[in-house]
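Engineer: Here is the input, now give the coordinates:
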Amino acid sequence: MRHNKKFNHLSRTSSHRKAMLSNMAASLILHKRITTTVAKAKALRVYVEPMITRSKTDSTHSRRMVFRQLQNKFAVTELFREVSVKVADRPGGYTRIIKLGNRLGDNAEMCMIELVDYNDNLLGTKAPKKTKSTRRRGSRKATETTAKVESPVEQKPVEQKPVEQKTEKNTTVEPTKEEPVENKIESASVDEKAEINEIKENITTEKEDEKDDSKDKA
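Structural biologist: Sure, this is the predicted structure:
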């Protein structure tokens, strides 16, 4: 008879039930998430959460007590090194059961049991929703008024000063070479040559008159 027995036997013997829960607890600690039936998940939650609480005190005695139930040294080291640090500030409720629907074969109710502190999707902050960028009639006027209110002082355009070109100090200007008079006379026409000869004769006569005047004065 099942008088005053509150735990679920799961239709198994005591040894079978203990071995099954031990394997499920080790898989949950190593993989952080497993899929099973709702009845097994509820029995596993009662079985594994006291072990997680014991792992917060890292001592030889607590490690031996946990290893007596799990019989898996890799799960024990993962529990005391990683999981206990992650759930240090949590006072209980280390697991979460998420129902997945019924199984096709026997219509059993399935679920997923996981460690709460290892679900990044639920722990992460949600990104802010993007506002719609639809254009409306009154939006342009509103933006103009806000722009006027935000910037009441108009900025004057900055006058750009002309850039002075610097001249080099040690620049030497070469004198332009003029062509000799003889070359110019040769390139002149016949009329110009006659005029030039008359000018020469006038200059020579003036010079001779000046010499004569100087002799008379002497």
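Engineer: From now on I want contacts and neighbour counts done on CA atoms only, so please keep to that.
Structural biologist: Will do.
Engineer: Quick check: mean pLDDT of the longest helix along the chain?
Structural biologist: For the chain, the helix with the greatest residue count under DSSP state H is helix 190-217. For helix 190-217, the mean per-residue pLDDT is 75.
Engineer: What are the boundaries of the helices in the protein?
Structural biologist: 14-31, 38-54, 60-70, 73-78, 84-86, 120-123, 139-150, 181-187, 190-217.
Engineer: Out of those, which is closest to Met110?
Structural biologist: helix 38-54 (5.7 Å; Cα to Cα).
Engineer: Pull out the buried residues from that closest one.
Structural biologist: Neighbour counts over helix 38-54 (16 or more other Cα atoms under 10 Å) mark 38, 40-41, 43-45, 47-49, 51-54 as buried.
Engineer: just those residues now: which is nearest Leu79?
Structural biologist: Nearest member of these to Leu79, counting by Cα to Cα, is Ile52, at 7.2 Å.
Engineer: Thought Val76 was touching the closest one, still the case?
Structural biologist: No: counting by Cα atoms under 8 Å, Ile52 stays clear of Val76, with 10.2 Å between them.
Engineer: Give me the pLDDT value at Leu44.
Structural biologist: Leu44 carries a pLDDT value of 96.
Engineer: Take the buried residues of helix 38-54 and lay them out in TSV including distance to Lys99.
Structural biologist: What follows is the buried residues of helix 38-54, written out as TSV (distance: Cα to Cα, whole Å):
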residue	distance to Lys99
Val38	7
Lys40	12
Ala41	10
Ala43	15
Leu44	15
Arg45	14
Tyr47	19
Val48	19
Glu49	19
Met51	24
Ile52	23
Thr53	25
Arg54	28
